[in-house]
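J.: Build me a model:
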Amino acid sequence: MRPERELIDEIIGLVSEDPYGLLRLGRDDASARRLNEGTYVFKMDMVSSSTDLLPGMSLRQLAKKCVVANFSDVASKGARPLLFMCSLGLPRGMRDEEFISIFEGFEEAMRKYGTYLVGGDLGESEELIISGFAFGRVEGRLVGRGGSRPGDIVMTTGSFGLTWLGFKHLLEGLELPEGLRRRALRAVYEPEARVEEGIIISNYATSTVDSSDGLYWSLKELSRASGNGFLIEELPLDEEVGLFLGGDSISAAFHGGEEYEIVFTLREEDVAKVRDELTVLGVEPIKIGRVVEGGGIRLRAGNELIEVPEGGWEHFRDLK
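T.: Take a look at the predicted model:
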């Protein structure tokens with residue numbers, strides 16, 4: 001690993017400089033921008049090599065995933081990401097090509113979402129740690145998690161199950177047909193943030209959350225914030241995943257994580273409007289159920305109501 005200042009010079013050559021920045025990337029110890037009045041959203045999220053670098057995953061993909069994790073939360077609040085910063089903990093033995101790969105991932109993400117990496121920090125650590133900070137401006141309407149009301153409809157921007165299947169394949173050796181394997185690995189390695197969708201949804205939604213921790217925990221957080229429960233009447237399960245799994249579809253739909261879909265509630269009279277606007281983006285939102293009084297997440301299965309079991313990603317869950 002080269003000295004820190006040499007690495008900073010390398011970074012300057014790898015990423016695009018924010019044309020609206022008032023201080024120079026890598027030459028000043030901060031970033032500055034002149035901003036118009038508005039409502040702004042701030043978000044921090046991190047990844048590390050021990051918990052997030054999956055088998056077969058490149059450091060470029062891990063860096064992009066850190067950006068997506070931050071931008072997805074910003075988007076779910078009705079905001080467009082404007083700027084991104086990161087702090088890196090780098091192992092002493094990291095190779096130059098690995099270091100460059102991280103910033104190639106950042107730059108790829110910045111270009112995709114139309115924003116810039118504007119600064120951060122480098123330090124030494126036992127493992128690779130990427131801590132990201134995103135800054136966005138609300139373009140739609142600022143929406144939180146606690147605004148749902150009984151009778152509201154619950155929708156998602158897409159289906160679930162591919163990442164669950166990808167994790168099973170990578171971490172438990174589950175054999176998959178080649179076409180399904182490629183789709184599952186792409187979902188795990190190359191997720192995307194629903195930025196444009198989040199802005200549209202915010203104009204109608206009564207509550208929103210991104211599904212980075214899985215559908216179960218997404219609904220649970222909406223329930224905790226509002227005091228309401230959810231009756232799920234249609235599993236938003238990827239069709240090919242459902243055909244492959246058969247009877248194990250509940251876990252695949254509810255307990256995956258890192259799908260980065262937006263789960264949202266809205267009034268029934270607004271469903272057609274949001275569907276029409278999302279369809280223009282090529283997105284077919286899925287109506288999965290409704291908000292009900294009381295807590296809990298229940299699934300209608302034929303004539304029965306099943307309490308959805310707890311599951312999905314939660315840090316420190318197994319620690320005693």
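J.: which helices and strands sit right next to the longest strand anywhere in the chain?
T.: Identified as the longest strand of the chain according to DSSP state E is strand 79-90. Where contact means 3 or more Cβ pairs under 8 Å, 6 or more residues apart in numbering; DSSP states H and E, strand 79-90 is packed against helix 59-76, helix 96-113, strand 116-124, strand 129-138, helix 195-202. Any C-beta I mention is one placed from the backbone N, CA and C, and that applies to glycine too.
J.: can we see that at 7 Å?
T.: Packing partners of strand 79-90 (3 or more Cβ pairs under 7 Å, 6 or more residues apart in numbering; DSSP states H and E): helix 59-76, strand 116-124, strand 129-138, helix 195-202.
J.: element containing residue 6?
T.: Using DSSP states H and E, residue 6 sits in helix 4-14.
J.: So for residue 225, which of the helices and strands packed on strand 79-90 sits nearest?
T.: If you check each of the helices and strands packed on strand 79-90 against residue 225 by Cβ to Cβ, helix 59-76 wins as the nearest, at 12.9 Å.
J.: contact partners of that closest one?
T.: 41, 43, 45-47, 52-53, 81, 84, 98, 101-102, 104-106, 108-109, 113, 130, 132, 134, 136, 189-195, 198, 208-210, 212, 260, 262 (Cβ atoms under 7 Å, 6 or more residues apart in numbering).
J.: out of those residues, which are buried?
T.: 41, 43, 45-47, 52-53, 81, 84, 98, 101-102, 104-106, 108-109, 113, 130, 132, 134, 136, 189, 191-195, 198, 208-210, 212, 260, 262 (16 or more other Cβ atoms under 10 Å).
J.: Using CSV, list the CA coordinates for stretch 263-279.
T.: Taking C-alpha atoms only, stretch 263-279 is exported to CSV below (Å, rounded to 0.1, in the frame of the first residue of the first chain):
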residue,chain,number,x,y,z
VAL,A,263,-42.1,-0.2,0.0
PHE,A,264,-44.8,2.4,0.4
THR,A,265,-48.4,3.1,1.5
LEU,A,266,-50.9,5.4,-0.2
ARG,A,267,-54.6,6.2,-0.4
GLU,A,268,-56.5,3.9,-2.6
GLU,A,269,-57.6,6.7,-4.9
ASP,A,270,-54.0,7.5,-5.7
VAL,A,271,-53.0,3.9,-6.8
ALA,A,272,-53.9,4.4,-10.5
LYS,A,273,-52.0,7.8,-10.6
VAL,A,274,-48.7,6.4,-9.2
ARG,A,275,-49.0,3.3,-11.3
ASP,A,276,-49.4,5.4,-14.5
GLU,A,277,-46.4,7.6,-13.6
LEU,A,278,-44.1,4.7,-12.7
THR,A,279,-45.1,2.9,-15.9
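J.: Find the nearest non-adjacent residue to the residue positioned nearest the centre of the chain, please.
T.: Closest to where the C-alpha atoms of the chain average out (Cα atoms, centre = their mean) is residue 260, at 3.5 Å. Closest residue to residue 260 apart from its sequence neighbours, by Cβ to Cβ, 6 or more residues apart in numbering: residue 72 at 4.4 Å.
J.: tell me, how many neighbours does the one you found end up with?
T.: When neighbours are counted by other Cβ atoms under 10 Å, residue 72 registers 27.
J.: Name the nearest residue to residue 270, ignoring sequence neighbours.
T.: Nearest non-adjacent residue to residue 270, counting by Cβ to Cβ, 6+ apart: residue 204, 4.3 Å away.
J.: Identify the residues contacting the one you found.
T.: 266, 270, 273, 274.
J.: contacts for the helix holding residue 6?
T.: Identification of contacts with helix 4-14 by Cβ under 7 Å, 6+ apart yields 25, 26, 99, 100, 103, 104, 107, 122.
J.: doesn't residue 15 make contact with the fifth one?
T.: Yes - counting by Cβ atoms under 7 Å, residue 103 touches residue 15, with 5.8 Å between them.
J.: ok, the two, which is more surrounded?
T.: Remark: of residue 103 and residue 15, residue 103 carries more neighbours, 22 against 19, as counted by other Cβ under 10 Å.
J.: Now do the contacts for the more buried one.
T.: Going by Cβ under 7 Å, 6+ apart, residue 103 touches 11, 14, 15.
J.: just checking, the last one touches residue 118?
T.: When you say that, I think you mean residue 15. No - using Cβ under 7 Å, residue 15 is not in contact with residue 118, being 9.3 Å away.
J.: what's residue 305 in contact with, if anything?
T.: residue 298.
J.: quick one: pLDDT of it?
T.: On the pLDDT scale, residue 305 is placed at 89.
J.: Surely it forms part of a helix?
T.: No - counting by DSSP: H, G, I helix; E, B strand; the rest coil, residue 305 falls outside a helix, being strand.
J.: Quickly note the distance from residue 297 to residue 198.
T.: Distance from residue 297 to residue 198, counting by Cβ to Cβ, to the nearest Å: 23 Å.
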